[in-house]
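Asker: Task: produce atomic coordinates for the following.
(chains A and B)
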Amino acid sequence: MTERLAARPSTGSTAAMVVLLALLATAVWAFADLRINVATFVDGAARAAEFAERTFPLDFPPPGEILRLCGQTLAIVVLATLLSTILSVPLALLAAANTTPARSARFGARALIVVARAVPDVVLAIVFVRVFGIGALTGVLAMGLHSIGMIGKMYADAIEQIDDGPPTALRATGATRLQQIAGGVLPPVLPAFVAVGLHRLDINLRVSVVLGFVGVEGIGYAIAESLRVLDYQRGIALALVVLGLCIVVELISGAIRTALLGRGERTRFARKPAPRNDEELGVDADLTRDPRLRSAAALVEGLVSPPWTARRISSTAYGLVTALVVVASMSASGVAPLELLGALPRVVAGLGLFFPPDGGGILALLFAELLVTIKIALAATLIGVVLSLPIGALAARNVAPSPQIAQAARLVILTIRGIPELILAIVFVVITGLGEVAGAVALGVGAVGLLGKLVADSLEEVDPGPERALTATGATRTQVFFAATVPAGVRALVAHVLYLLDTNIRAATLLGIVGAGGIGFYLLNASRVLEFGVVTTILLMVFCTVMLVELLAIWLRGRF
Amino acid sequence: MSPAAVVELTGVTKRFGPDVLGLDDVSLSVAAGEVVVLLGLSGSGKSTLLRHVDGLQMPTSGGVRVLGVDVPTAGGRELRMLRRRIGFVFQQFDLVGSRTVLENVCTGALGRLRGPRLGLPTYPRGLRREALEHLDRVGLADRAFQRADTLSGGQQQRVAVARALMQRPEVPLADEPVASLDPESSAQVMDLLKTISRENSLTVLCSLHQVDLALGWGDRIVGLRTGRTVLDLPTDGLDRDQVMAVYSRVGADASALLTTAG
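Answerer: Residues are numbered from 1 along each chain as shown, chains lettered A, B, ... in the order given. Sure thing, here's the model as predicted:
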C-alpha cells in the first residue's frame, strides 16, 4: 500500500478553483478584447499633451466663489447624509434580527434597504430634477435616499452584533420593547452609527460631483458646466478643488471616527468583563482628575446630574458643533426640514414613473451594452487586483520590509481613495478618448483605493502565530509571506475581489454617463428622454448581474 | 398548589429543538420568604429554570405561576408588571458600559416609567435621588457619574444589584451572580445579597456553583442535572457530601474539578 503524501482536494473546492480560474480567464479576455494595451496609451500620449496645452494654466475662480461652491456642496452632502441616517435608524431597528418586532417587518425593511442600494443616486437625481427642478433639494433627496442602502444595512449589522445581555437585563426590569432599545441597544451602537454616517459623508461628497452632471447644485455642477463648453482650464482647476475638499473632509471625519471607535477599544473591559480585583484599579493619584472625589461631593450635596467633566464638555461641544453645521447647511442650501417632509409624497409619485419596466424596443442592444459594462468591470477588477496586491501587501505592517514603506504605501492608497472616480474617468477619457478603455482604466486605478486597503487590513489581521513559527525555522521573509501569510489571507482576498467586481459593475454603469462606455450611456439617455420604463429595465439588468456576483461570492465563501 | 407558594412550577418541560431538553418535567414550589439555591453543572438547566420564572423563556409544556400570575398565558403588559416585581441579577452583570453608573441604576425603574429613556437627564430627579440611595446601599455612591465599564467586575455586579433594588423586588432572582468574580469580590456581593434578602425577608431564587456558599445561605438546596431535579432538601442537616452527589454521579473528573474550584 502506498502512502498518500498529499490530501486530495474535495470536489467542492476543485469546482471553486475551476470557477475562479474561469473568472480570471474571462477577465483576461475582457482586458484583451477592450484593447487596453500600450498602443492605446501611446496614442493617448499625444492627446494628453494636447489636453495639457488646453488645461494649463489652470483658471481658478476667485476665492469667494470657490468658498461659495464648496459651501453649497458641503451643505447638500451634510443634509443628505443626515436625512439618510435619520431614516436608517428605524429601518435598521426593524431589519435587525434582535430588535425586529416580526419576521415580516424584518423582511420588508431589508427589502427596502436593498432597493435603496440598487437604485443609483444619479438615477434618483435625474428623476428628482424633473420633480423639484435644478437645486439643492434634488441632491439631498437623491443621495439621502440612496445612502439608506449602505447606512441602513451597516446599522442593522451593528445592532445585530451587540451583546444581548443589557437589553435582556432591561427586559427583566419590566421595560417595554422601546425602552429596551433606547436603554440597552442604542448606547452601545451610537459610536458605530456616527462613524458609519461620517464614512458615508466622504462617499457622498465624491458622488455629489457626479450629480452635478445631472443638475445638482454645487461644485460638481460648476465642473459640468465648464466641461460642457470645453473650458478645461476652469474644469480641471475645479476638479483639483474637489480633490482638496475630499482630502480635508476625509481627514476630519477620519480623526473623529478614530476618536469615537478608538475610545471604545481603549476601555478596560471588553463586552464580557474579566474578573478583576477592586484594588487593582486604585485611586487616581491626581486628585483633581479623580471622579470619585467629585461624585462623593455630589452625593453630599444631593446632586443627581452629572458633573461637567472634560469628557462631558467635549461631547457637548461636539453636539453643539454638529447642530451648528446642520443649521448652517440648511441656510446655505435653502432646504428647510418642513420642505423635506412635504417633498416625500412627491418623491413617491416620482418613483411611480419607473413602473412598469419597458424594453423600449432596444432590448437586444441593451443586452449587448450590458455585456460591455461587465467586460469593463471585469477588466477593471483585473487591473485593480494586479495593482492592489503588491501595494496592499507593502502597506501591511507585518509584510512590509520597513515601517516607512508601509506608511508610504498606505499614503498612496489613501490618496487614490481621495480622488473621486469621476475625476479619474474624466482624465482618462481625455487621455484615451471616449469609451470603454477610459472606464476600465479609471475604475482599475481607483480600485486600488478600496482593494489595496482591504488587502492590507486583512493581511494585518492574519494570525501571527504561524508566521512566527516559520520565521523561527529560519525561513526568509518571502518564504514566510508565501507559506504562512498568503494561505491565511486567500479566503478574505477572494471575498474582497468579488466585492470589488460587484462595486465595479455598479460603478461601470455610472461612468457610462460621462462617456466611459457601456450601458450607462443608455441609462442617461433613457432618463433624459423620460423613458423611465427603460431606466427600470436597465436597473433590473444591472441588479440581476450584481446579484449573480453576490450569489457566486456566497457559494465560493463556503468552499475556501 | 399550596396557597403560600410565591413561585410554583409544575411539570415544566423546555425543549430547544427536537433533541435538546433544557428542562425535563421540573416541579418546584417556593414559599414566601424562602431562599432557594439552585446547584448543578453548567448546562444542567439552572439558568433556564430562572428564566422561566421571569417569563424570559416560556415552557414547552407545564405550568409556571409566580406571585399569582400565570406566566405562560400572561399578556405583554401583565408580564412587564410581573417582571417589575421580580428583579434579576445576571452572571455577566449586563450593564450598559458606555452609560454612567447612575443611569444604569435608573434603568431599573423603567417598568414604572412611560416611554423610552436615553441619557441620565431623561429620568425624573426624584428617581435619580432614589437611585443614588440604592448606590449608597451597595457602597458605590461615589462612583455615580463614572462610565459603568470603568468599574471592576465586583463593582459592576454591585451596580447590577442596585439596579435590581431600584425595582423594589419581591422575588429577586440571581443567575450565578458571583461566577465571574474573584474570591474577594464574590464575598462582597454574596454578603450584600444575603443582607438585603434577610432585611426585607425576600423570597430568593439563586443559582450558584459553590457548594459552600450554597450551604451558608440557602434555606433549601435544589440540585439539577440534565434538566431534571435530583435533589430538593432543606439546608438544615444537609451535609456537604450529600450535596456533592449532585455533581459526582456525572463523573469523577468533573467532581474533582469542582471541588478544587469551589
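
Asker: so where is the chain shaky, pLDDT-wise?
Answerer: Looking at chain A here, since you left the chain open. Low-confidence segments of chain A (pLDDT under 70): A:1-12, A:37-41, A:44, A:261-303, A:431-434, A:514-516, A:558, A:560.

Asker: wait, chain B
Answerer: Those would be B:1-4, B:248-262, if you go by pLDDT under 70 across chain B.

Asker: 80 instead, please
Answerer: Where chain B drops to pLDDT under 80, the residues are B:1-4, B:247-262.

Asker: Break down it into its strands, ranges please.
Answerer: Along chain B, counting by DSSP state E, strands occupy B:5-16, B:20-31, B:35-39, B:61-66, B:69-70, B:88-89, B:173-175, B:204-207, B:220-225, B:228-234.

Asker: A:R54: neighbour count?
Answerer: Residues near A:R54, counting by other C-beta atoms under 10 Å in any protein chain shown, number 12. For every residue, glycine as well, the C-beta is placed using N, CA and C.

Asker: Does it touch A:Q233 like I think?
Answerer: Yes. Taking C-beta atoms under 8 Å as the definition, A:R54 is a contact partner of A:Q233 at 7.3 Å.

Asker: Can you point out the buried residues in stretch A:129-145?
Answerer: A:129, A:131-132, A:135-145 (16 or more other C-beta atoms under 10 Å in any protein chain shown).

Asker: cool, stretch B:178-198 as well?
Answerer: B:178, B:180-182, B:185-186, B:188-190, B:192-194, B:196-197.

Asker: ok, now stretch B:86-100?
Answerer: B:86-100.

Asker: swap in stretch B:160-174?
Answerer: Those would be B:160-167, B:169-174, for stretch B:160-174 by 16+ other C-beta under 10 Å.

Asker: If we check chain A, which of those are in contact?
Answerer: Among the buried residues of stretch B:160-174, the residues lying close to chain A (C-beta under 8 Å from any C-beta of the partner chain) are B:A160, B:R163, B:A164, B:M166, B:Q167.

Asker: Phi first, then psi, for the last one.
Answerer: Backbone geometry at B:Q167, expressed as degrees, to the nearest 10, gives phi -80, psi -10.

Asker: ok, it - contacts?
Answerer: Counting by C-beta atoms under 8 Å, 6 or more residues apart in numbering or on different chains, B:Q167 touches A:T173, A:G174, B:R84, B:R85, B:I86, B:G87, B:G108, B:A109, B:G111.

Asker: Just name the closest of the residues you listed to A:V549, please.
Answerer: Distance to A:V549 across the contacts of B:Q167 (C-beta to C-beta) is lowest for A:T173, with 46.6 Å.

Asker: ok, the closest one touching B:L113?
Answerer: No. The criterion here is C-beta under 8 Å, and A:T173 misses it with B:L113 at 10.4 Å.

Asker: higher neighbour count, those two?
Answerer: Neighbours were counted for A:T173 and for B:L113 using other C-beta under 10 Å; A:T173 has more, 26 against 17.

Asker: Can you report phi and psi for the more buried one?
Answerer: According to degrees, to the nearest 10, A:T173 has phi -90, psi 0.

Asker: separation between it and B:A160?
Answerer: Noted for A:T173: a distance of 11 Å to B:A160, by C-beta to C-beta, to the nearest Å.

Asker: One more: B:L82?
Answerer: Using C-beta to C-beta, we find B:L82 at a distance of 20 Å from B:A160.

Asker: Give me the neighbour count for the nearest residue to B:T100 once chain neighbours are set aside.
Answerer: Nearest residue to B:T100, sequence neighbours excluded (C-beta to C-beta, 6 or more residues apart in numbering or on different chains): B:F145, at 5.2 Å. B:F145 is flanked by 22 other residues according to other C-beta under 10 Å.

Asker: Could you tell me the phi and psi values at B:F145?
Answerer: phi -100, psi 10.

Asker: Would you agree it is in contact with A:T309?
Answerer: Yes. If you go by C-beta under 8 Å, B:F145 and A:T309 touch, sitting 7.5 Å apart.

Asker: what helix or strand is the most centrally placed residue in chain A on?
Answerer: Nearest to the geometric centre of chain A sits A:I203, at 5.8 Å (C-alpha atoms, centre = their mean). A:I203 is part of helix A:186-212 when elements are defined by DSSP states H and E.

Asker: before we move on, back to that, want to try a markdown table for the buried residues of stretch B:160-174, with distance to A:G319 as columns?
Answerer: Below are the buried residues of stretch B:160-174 laid out as a markdown table (distance: C-beta to C-beta, whole Å):
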| residue | distance to A:G319 |
| --- | --- |
| B:A160 | 29 |
| B:V161 | 33 |
| B:A162 | 29 |
| B:R163 | 27 |
| B:A164 | 32 |
| B:L165 | 32 |
| B:M166 | 28 |
| B:Q167 | 32 |
| B:P169 | 36 |
| B:E170 | 41 |
| B:V171 | 41 |
| B:P172 | 38 |
| B:L173 | 39 |
| B:A174 | 38 |
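
Asker: right, and out of those, which lies closest to chain A?
Answerer: Set against chain A, the nearest of those by C-beta to the nearest C-beta is B:Q167 (5.6 Å).

Asker: Could you measure from A:M17 over to A:A484?
Answerer: For A:M17 relative to A:A484 (C-beta to C-beta), the value is 21 Å.

Asker: Same question for A:Y522.
Answerer: Applying C-beta to C-beta, the value for A:Y522 to A:A484 is 48 Å.

Asker: Next secondary structure after the helix holding A:I203?
Answerer: Counting by DSSP H and E, what follows helix A:186-212 is helix A:219-228.

Asker: from the chain's centre, how far out does stretch B:197-215 sit?
Answerer: Centroid separation between stretch B:197-215 and its chain, computed with C-alpha atoms, centre = their mean, to the nearest Å, is 9 Å.

Asker: Tell me the span between the first and last residue of it.
Answerer: Using C-alpha to C-alpha, to the nearest Å, the end-to-end distance of stretch B:197-215 comes to 16 Å.

Asker: number of nearby residues for A:P337?
Answerer: Other residues close to A:P337 by other C-beta under 10 Å number 12.

Asker: check which helix or strand covers the residue in chain A positioned nearest to chain B.
Answerer: Nearest residue of chain A to chain B: A:G174, at 2.8 Å (C-beta to the nearest C-beta). A:G174 is part of no helix or strand when elements are defined by DSSP H and E.
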